[in-house]
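[1] With the input below, show me the fold.
(one chain, ligands or ions: 2)
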Amino acid sequence: MTHTRQNQRTLNKGQKKRFVDAVLTLKRTGRYDDFVGTHIDFYRGDGDGELRVAHMTPSFFPWHRKFLLEFETALRKVDPGVTVPYWDWTVDRTPGASLWGADFLGGNGRRSDRQVTTGPFAHRHGHWDIRVAVTDGDFLMRDFGRPKDPVDLPTGAELERAMREPVYDARPWNSVAATGFRNKLEGWPIRHGDRTWYNHNRVHRWVSGHMLGAGSVNDPVFWLHHAFVDLCWTRWCARHPQADPYLPGEHHRNVLAVNDPMPPWDTPVREMVEHRSRYASG
Ligand code: CU
Ligand code: CU
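    Ligands and ions are numbered 1, 2, ... in the order given. Below you'll find the predicted structure:
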């Protein structure tokens, strides 16, 4: 199957509707909540002492690529004409962006309880109950820019700092790796005690509400965000053809090497690294 990545800002009304309708169908059948549950199961951090496959780890990119492709395959069983578009948050950086329109993902949460009240994922429209989550409440929440502790979306220059990194990842292969493309794009604060979040993590924080933490898949913007993160990985590989596309080469404590199988699918990491044949340009 070929997968096309299209910038969400170029979608026409009909394409937006087809994407939304396919997502709502997966929600109705329960399949969507399986994806939410998988992400919660694989939300482990540095301190847990267990194998880390999805976050704070070199396989952050391969794991989310596989997750995204699985979701896209499920969407295309509903409507073969649908793909997951991407949100370039360095360009579409305001609450007024068409991404947040009532005909697409809906807007910000209201002030009192952060409840999203516009668009197809507003609880009051009857199609989007939060059932699998780490927080209480059955309505989708957003809190753009987190006014209580303000945060901006990453800029093009901040993304560029990650894209410039000449190596894929670096010791100790976790959230404190001071160099390497993976940690700079995944975006953990690099120095101990530093409260700045970068790139990927900052976007989760800017949307806020359900996008914070393990249950972030409850907000459909998760997929558009990760489609862009995935595209950034593809662009990094193209820009650094001489670099090892994945590190570590050998098994290292609690992180996956390129030939290790990646749970829950048991797909080797390598298969997601060799992605070129999977994508059509667009
Ligand atoms: Cu994740
Ligand atoms: Cu994420």
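
[2] in what helix or strand does the spatially most central residue of the chain lie?
    Closest residue to the average C-alpha location of the chain: residue 226 at 2.8 Å, with CA atoms, centre = their mean. For residue 226, the element it lies in under DSSP states H and E is helix 221-239.

[3] now this structure, which segments are flagged as low pLDDT?
    By pLDDT under 70, the weakly predicted segments of the chain are 1-2, 190-195, 276-282.

[4] hmm, try it at 80
    For the chain, the stretches flagged by pLDDT under 80 are 1-4, 46-48, 136, 189-196, 251, 275-282.

[5] what's the neighbour count on residue 105?
    Residue 105 is flanked by 28 other residues according to other CB atoms under 10 Å. C-beta here means a position set from N, CA and C on the backbone, and glycine is covered the same way.

[6] Isn't it up against residue 122?
    No - between residue 105 and residue 122 there is no contact, the gap being 10.4 Å when judged by CB atoms under 8 Å.

[7] Could you identify the helix or strand that succeeds the helix holding residue 226?
    Note on helix 221-239: by DSSP H and E, the next helix or strand toward the C-terminus is strand 261-262.

[8] Can you list the strands that that next one pairs with?
    Here strand 261-262 is paired, per DSSP bridges, with strand 267-268 (antiparallel).

[9] who's in contact with the strand it pairs with?
    Outside strand 267-268, the residues that touch it by CB atoms under 8 Å, 6 or more residues apart in numbering are 66, 258, 259, 260, 261, 262.

[10] Unless I'm misreading it, residue 63 sits right up against residue 54, doesn't it?
    Yes - look at residue 63 against residue 54 with CB under 8 Å: they come within range, at 4.4 Å.

[11] where do the contact lists of those two overlap?
    Common neighbours of residue 63 and residue 54, using CB under 8 Å, 6+ apart, are residue 42.

[12] Give me the more crowded residue out of those two.
    The neighbour count for residue 63 versus residue 54, taken as other CB under 10 Å, is higher for residue 63 (25 against 21).

[13] distance of that one from residue 9?
    Here residue 63 is placed at a distance of 27 Å from residue 9 (CB to CB, to the nearest Å).

[14] again, but for residue 39
    26 Å.

[15] which of those two has more neighbours?
    Taking other CB under 10 Å, residue 39 and residue 9 do not tie; residue 39 has more neighbours (21 against 14).

[16] Make sure the more buried one is indeed in a helix.
    Yes - Residue 39 forms part of a helix when assessed by DSSP: H, G, I helix; E, B strand; the rest coil.

[17] what's near enough to touch it?
    Per CB under 8 Å, 6+ apart, neighbours of residue 39: 54, 67, 214, 215, 216, 217.

[18] Please report how far it lies from residue 148.
    For residue 39, the distance to residue 148 - CB to CB - is 25 Å.

[19] which one in this structure is furthest away from the centre?
    Each residue of the chain has a distance to the centre, and by CA atoms, centre = their mean the biggest one is for residue 112: 27.0 Å.

[20] measure residue 116 to residue 146 for me?
    15 Å.

[21] what do you get for residue 80?
    Counting by CB to CB, the gap from residue 80 to residue 146 is 38 Å.

[22] Looking at these two, which is more packed in?
    Using other CB under 10 Å as the criterion, residue 80 and residue 146 rank with residue 146 on top: 15 against 10.

[23] Nearest residue to that one in space, ignoring adjacent ones along the chain?
    Closest residue to residue 146 apart from its sequence neighbours, by CB to CB, 6 or more residues apart in numbering: residue 208 at 4.8 Å.

[24] Contact partners for that neighbour?
    Residues in contact with residue 208 (CB under 8 Å, 6+ apart) are 114, 141, 142, 143, 144, 145, 146.

[25] Sitting in helices, which of these do you find?
    If you go by DSSP state H, the contacts of residue 208 have nothing in helices.

[26] Of the residues you listed, which pair is most distant in space?
    Largest separation among the contacts of residue 208 by CB to CB: 141 and 145, giving 14.0 Å.

[27] Show me which of these two is the more surrounded one.
    More crowded of residue 141 and residue 145, by other CB under 10 Å: residue 141, with 24 against 18.
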